[in-house]
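**Student:** Sharing a model prediction with you, sequence too.
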Amino acid sequence: MRTAVAALALAATAASHATFQELWVGSKDEVSTCARLPTNNNPVTSVTSTDIRCNAGGTKAAGAKCSVAAGDSVTVEMHQQPGDRDCSKEALGGNHFGPVIVYMSKVEDAASADGSSSWFKIFELGYDSSTKTWGNDLLNKNCGKQEVKIPADIAAGDYLLRAETIALHTASQANGAQFYMSCYQLTVTGGGSANPAGVKFPGAYSASDPGIKVDIWGNGFTEYKIPGPAVYSG
């Protein structure tokens, strides 16, 4: 059965690509006004490319920033095609199983920052072996949406927020993992004085990390190690 599913996953490699496109601040739908949309819905496959920061073309800022209070929640939203928010369609289909991860980076100006500053992780959702459920399974069940809390103690100012899912259906081979990410331009208000330590992209991930080069179809697969640093606890 696993072999058959893996074969289907390989056949779906070029299908069901997607992008994080929209953002909600609380209950307010900001659509894509502060999103750095990539040039297409294809994945990034090299962890050493600068595209791993905000995706190919994601360094082009739209100029708009979304304002959010520290301690409040935002919701990132993923779909397969630009502007298609049809909830009857999977956010990321084709057996593209994997984790959902969200980072933030303090920057001087979110409209012009290139993503080379440090990133700290604020959310991760990997694999639940008891239910055999992946983080992006829940994206598909929730119309592409994942709610994330902005840490209450971080300093006010501009930030980039980086939403990512890693599709692992072909990750048993070298450079087989597929990285789907978009960055959003935020201005955080309130908060405290915390400036969490972070990691750099590229640099945070290695192609040989156990959460990046992994056979999720093998009979011995029972747990998954999410790549990158620990979630900032605040």
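**Tutor:** That came through fine.

**Student:** Show me where the protein has its helices.
**Tutor:** In the chain, the helices defined using DSSP state H lie at 2-11, 51-54, 135-141.

**Student:** Let's check: the centremost residue of this protein is which one?
**Tutor:** Nearest to the geometric centre of the chain sits Glu164, at 1.0 Å (Cα atoms, centre = their mean).

**Student:** Setting the sequence-adjacent residues aside, check what's closest to Thr75.
**Tutor:** Trp24 (3.9 Å; Cβ to Cβ, 6 or more residues apart in numbering). The way it works is simple: take the backbone N, C-alpha and C, and place the C-beta from them, glycine included.

**Student:** Would you agree Lys89 is in contact with Gln80?
**Tutor:** Yes - here Lys89 reaches Gln80: they are 6.4 Å apart, a contact under Cβ atoms under 8 Å.

**Student:** which one of those two has more residues nearby?
**Tutor:** Ranked by neighbour count (other Cβ atoms under 10 Å), Lys89 and Gln80 place Gln80 first, with 20 against 16.

**Student:** Run a quick neighbour tally on the nearest residue to Thr189 once chain neighbours are set aside.
**Tutor:** With Cβ to Cβ, 6+ apart as the criterion, Thr189 has its nearest non-adjacent residue at 5.1 Å, and that residue is Ala69. Neighbours of Ala69 under the rule other Cβ under 10 Å: 15.

**Student:** Can you show me the strands along this protein?
**Tutor:** 19-25, 28-29, 35-36, 66-69, 73-79, 100-107, 120-125, 127-128, 133-134, 145-149, 157-167, 178-189 (DSSP state E).

**Student:** so what's Leu92 up against?
**Tutor:** Contact analysis of Leu92 by Cβ atoms under 8 Å, 6 or more residues apart in numbering lists 16-18, 78, 80, 136, 139-140, 144, 165, 167, 180.

**Student:** need the contact list for the residue nearest to Thr75.
**Tutor:** Trp24 neighbours (Cβ under 8 Å, 6+ apart): 30, 74-75, 77, 145.

**Student:** Flag whichever of the contacts of Leu92 scores worst on pLDDT.
**Tutor:** Least confident of the contacts of Leu92 in the model: Ser16, at 74.

**Student:** gap between that residue and Gly126?
**Tutor:** 20 Å (Cβ to Cβ, to the nearest Å).

**Student:** Ile226 now?
**Tutor:** With distances taken as Cβ to Cβ, Ile226 is found 4 Å from Gly126.

**Student:** out of these two, which sits in the busier spot?
**Tutor:** Ile226 (22 against 19).

**Student:** residues contacting the more buried one?
**Tutor:** 99, 101, 124, 126, 211.

**Student:** Could you do Thr33 as well?
**Tutor:** 23, 62, 64, 66.

**Student:** same check, this time on Asp153
**Tutor:** So, once contact is read as Cβ under 8 Å, 6+ apart, Asp153 ends up touching 70, 191-194, 234.

**Student:** go on, Glu77?
**Tutor:** If you count contacts by Cβ under 8 Å, 6+ apart, then Glu77 has 20-24, 85, 143-146 around it.

**Student:** at 7 Å instead, please
**Tutor:** 20-24, 144-145 (Cβ atoms under 7 Å, 6 or more residues apart in numbering).

**Student:** Flag the shaky bits of this protein, pLDDT-wise.
**Tutor:** When residues are selected by pLDDT under 70, those of the chain lie in 1-15, 61.
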